[in-house]
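> quick one: sequence and predicted model below, then my questions.
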Amino acid sequence: MDLKGIVSISGRPGVFKIISQGKNSAIVESLLDQKRSPIFASEKMSAIEEISIYTLDEDIKLTIVFEKLLAKHAGKESISHKADEAELRANFSDLLPNYDIERVYLSDIKKVFQWYNLLVNKGLLVLKNEPTENSSEVEAKKLAEGTTEGKKPVKGEKKSAAKTTEAKKSVKAANPKANAAKPTVSKKAPVVKTGSSRGK
């Protein structure tokens, strides 16, 4: 899930995509109506990836809530943020049974469903694909099984190796000097005294 550049702006409905950014301002595009407008440093802007939901335990990233919604609705849109309060809270409780009721307001729950539906509609939230083996993993398996793709056993390969061995034997027989054992020289490795090992 890559939601880089997707932000919420305090006082503005929906979520926005950052188009360009300067020192003191930025140009954003609303995912609601695709209208572009400037946003200045005085306005409060929050990256979607950095927003968390209060729970009775530790806070949960909003992106994790989105993943739960994606799995629950098979990658499709959820209920409308305009549904009645009881339905919204019931659906939200299914996602986060331990959410902090006192600190998570109805307006926050509405934003979660509205933002989720917007992002799904724009193709920015999709179900993760099942993990597939890459080519290197497949090749490694084939090598382990001895069935590397594209490599076929060469006929006569063993025979040529046997012929080469016989040829080497005949050369040694023809040259008796080659069979003479070479004298072995025993060399003692010099003993090196090492100093203190401190600092190594």
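That came through fine. Quantities reported herein were computed from a predicted structural model and do not represent experimental measurements. Residues are numbered from 1 along each chain as shown.
> how about the helices in this structure?
In the chain, the helices defined using DSSP state H lie at 62-72, 85-95, 106-121, 135-145, 157-174, 176-179.
> domain assignment for the chain?
If you go by automatic domain parsing, the domain ranges for the chain are 6-48, 51-121.
> turn those domains into JSON lines, including mean pLDDT, distance to residue 127 and mean neighbour count.
C-beta: built from backbone N, CA, C; applies to glycine. Output for those, formatted as JSON lines (pLDDT from 0 to 100; distance: least, Cβ to Cβ, whole Å; neighbours: other Cβ atoms under 10 Å):
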{"stretch": "domain 6-48", "mean pLDDT": "93", "distance to residue 127": "18", "mean neighbour count": "14"}
{"stretch": "domain 51-121", "mean pLDDT": "95", "distance to residue 127": "4", "mean neighbour count": "15"}
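> and of those domains, who's closest to residue 128?
Nearest of the domains of the chain to residue 128, taken as Cβ to Cβ: domain 51-121 at 8.2 Å.
> now do that closest one: distance from first to last residue.
End-to-end distance for domain 51-121: 20 Å, by Cα to Cα, to the nearest Å.
> with distance to residue 128 added, can I get the domains of the chain in JSON lines?
As requested, the domains of the chain are exported to JSON lines (distance: least, Cβ to Cβ, whole Å):
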{"stretch": "domain 6-48", "distance to residue 128": "18"}
{"stretch": "domain 51-121", "distance to residue 128": "8"}
